[in-house]
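*Asks:* Any chance you can model this:
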Amino acid sequence: MKVGSNLPINEFVMGLQEIVPREYLVIFTPEMLHLLVCGVDDVDPDQLEQMTDVTPSEFKNEPVVQWFFECVREMTPQDRCLLLAFSTGASSLPSKDARFRIMRGDDDIDALPTAHTCFKSIVLPRYQSKEQLQQKLLLAIRNAAASDFGFA
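*Replies:* I've put the predicted structure just below:
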């Protein structure tokens, strides 16, 4: 499909064909190609939990960590992708060998969660309720996305 030589889509196709020869591209459906290029449009909460390390290890038994995964399960697919973008810099799960980290924050329950994208980690203050965690977490991930810190 070549409508005009200066259209951005044509530049994209030419660049893609430099990496993947045209004869190989035809075996993919548009949906398969989208998945390969963009990743999944949702985050599997169970998979995220399985690939998560908690620091320090005794923090794993605190309610805020359990509430975190309950909140992730209750999020919309879009919010789960925002959570991943907030904490890892990417909106899809890293490879199965990569680890996600939850780190214990301080006791300032008014603070928002913070993230260290280079380390694929989120820092959770020791909130006193699941509702408080959910409110602060959604505020953090949605405002980070609205601020456009390099991810959508």
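*Asks:* gap between residue 29 and residue 20?
*Replies:* 15 Å (C-beta to C-beta, to the nearest Å). For every residue, glycine as well, the C-beta is placed using N, CA and C.
*Asks:* Those two: which is more packed in?
*Replies:* residue 20 (12 against 8; other C-beta atoms under 10 Å).
*Asks:* so what's the backbone phi/psi at that one?
*Replies:* Here is the backbone geometry of residue 20 (degrees, to the nearest 10): phi -120, psi 110.
*Asks:* which other helices and strands contact the helix ranked longest in the chain?
*Replies:* Longest helix in the chain, counting residues (DSSP state H): helix 130-147. When contacts are defined as 3 or more C-beta pairs under 8 Å, 6 or more residues apart in numbering; DSSP states H and E, helix 130-147 packs onto helix 63-74, helix 77-88.
*Asks:* other SSEs contacting the last one?
*Replies:* Identification of packing neighbours for helix 77-88 by 3+ C-beta pairs under 8 Å, 6+ apart yields strand 114-116, strand 121-124, helix 130-147.
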